[in-house]
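Trainee: Have a look at this fold, sequence not included:
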């Protein structure tokens with residue numbers, strides 16, 4: 001628990017103006033030098049600072065102040081807070097369910113192959129593994145290397161797509177030279193259905209239709225028929 005009051009200088013201003021406490025008592029409670037408290041009382045310091053009532057903030061009780069005013073040897077003590085604020089827990093490695101731990105090597109292999117720009121620390125955050133395991137999979141010295149197959153950690157449920165995208169974006173900014181070129185994809189629908197694209201398909205057909213006229217059709221038909229008649233006469 002903190003032993004320093006909230007806004008100590010403003011608290012000292014209020015205690016100087018509203019109590020009969022000695023400079024030493026106020027200095028001890030607010031963690032200030034007695035001469036600084038004297039300067040506040042003389043108006044030489046903390047000008048423009050509005051006093052903060054420690055009773056309203058729950059840092060002192062009126063009984064504690066009265067007790068200290070009667071006994072100048074008494075040292076003020078902070079009141080116990082009514083609400084306990086839990087301390088922030090230090091974030092450790094990501095917890096991976098037991099049922100998913102066997103999939104971690106496959107996820108690490110996928111990340112190493114598809115995102116070489118990721119640092120070991122980023123992979124550790126994403127799938128909850130160790131640096132030595134990542135090194136073994138990179139060097140193919142892992143005990144199960146022959147049976148590993150790369151699998152997307154998002155699909156395996158080891159991390160979310162947002163977390164993966166954030167780590168990849170950070171790594172890409174730090175190491176742009178390691179980012180793999182995107183694989184070729186299908187041509188967008190907008191391009192294949194545009195007027196220019198359709199014109200390239202229609203033009204050859206139109207030219208072929210212009211070449212075919214009635215005379216050529218009947219000429220071919222007539223030559224075919226005369227050929228059949230000659231064969232019948234020959235019989």
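Mentor: Happy to help now that I have it. Just so it is clear, the model here is predicted, and its values are computed rather than measured. Numbering: from 1, shown residues only.
Trainee: switch to C-alpha atoms for all contacts and neighbour counts from now on
Mentor: Fine.
Trainee: what about the helices in this protein?
Mentor: For the chain, the helices defined by DSSP state H occupy 8-18, 23-30, 34-41, 62-70, 98-101, 104-114, 120-127, 131-138, 153-156, 161-174, 189-192, 195-211, 214-234.
Trainee: can you list the weak-confidence ranges in this structure?
Mentor: Residues of the chain meeting the criterion pLDDT under 70: 1-3, 81-100, 179-235.
Trainee: Following the record's annotation, map out the domains of it.
Mentor: Split into domains by automatic domain parsing, the chain comes to 8-70, 98-178.
Trainee: Nearest to residue 76, out of these?
Mentor: Nearest to residue 76 among those is domain 8-70; the distance by Cα to Cα comes to 5.9 Å.
Trainee: contacting residues around the nearest residue to residue 68 once chain neighbours are set aside?
Mentor: Excluding its sequence neighbours, the residue lying closest to residue 68 (Cα to Cα, 6 or more residues apart in numbering) is residue 74, at 5.2 Å. By Cα atoms under 8 Å, 6 or more residues apart in numbering, residue 74 lies in contact with 25, 67, 68.
Trainee: Next up, the contacts around the second one.
Mentor: If I follow you right, that is residue 67. residue 74.
Trainee: repeat for the last one
Mentor: For residue 68, the residues meeting the contact criterion (Cα under 8 Å, 6+ apart) are 21, 74, 75, 76.
Trainee: Output the domains of the chain as TSV; include the columns distance to residue 80.
Mentor: Below are these laid out as TSV (distance: least, Cα to Cα, whole Å):
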stretch	distance to residue 80
domain 8-70	8
domain 98-178	38
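Trainee: distance between the ends of stretch 133-150?
Mentor: Criterion Cα to Cα, to the nearest Å; first-to-last residue distance in stretch 133-150 is 15 Å.
Trainee: Can you give me the buried ones in that stretch?
Mentor: Using 16 or more other Cα atoms under 10 Å as the test for burial, stretch 133-150 gives 133, 134, 137, 142, 145, 148, 150.
Trainee: Make CSV out of these and add distance to residue 115.
Mentor: Formatted as CSV, the buried residues of stretch 133-150 follow (distance: Cα to Cα, whole Å):
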residue, distance to residue 115
133, 17
134, 13
137, 14
142, 19
145, 19
148, 17
150, 12
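Trainee: any idea which of the contacts of residue 68 is closest to residue 107?
Mentor: Out of the contacts of residue 68, the member with the shortest distance to residue 107 (by Cα to Cα) is residue 76, at 58.5 Å.
Trainee: Distance check, the closest one against residue 177.
Mentor: In terms of Cα to Cα, residue 76 sits 62 Å off from residue 177.
Trainee: Those two - which one has more neighbours?
Mentor: residue 76 (19 against 10; other Cα atoms under 10 Å).
Trainee: if I pick the more buried one, what's in contact with it?
Mentor: Counting by Cα under 8 Å, 6+ apart, residue 76 touches 25, 28, 29, 64, 65, 68.
Trainee: Residue 60 against residue 66, yeah?
Mentor: No - between residue 60 and residue 66 there is no contact under Cα atoms under 8 Å: 10.7 Å.
Trainee: Between these two, which has more neighbouring residues?
Mentor: Counted by other Cα under 10 Å, residue 60 and residue 66 do not tie: residue 60 has more neighbours, with 19 against 13.
Trainee: Tell me how far the more buried one lies from residue 19.
Mentor: Distance of residue 60 to residue 19, given as Cα to Cα: 13 Å.
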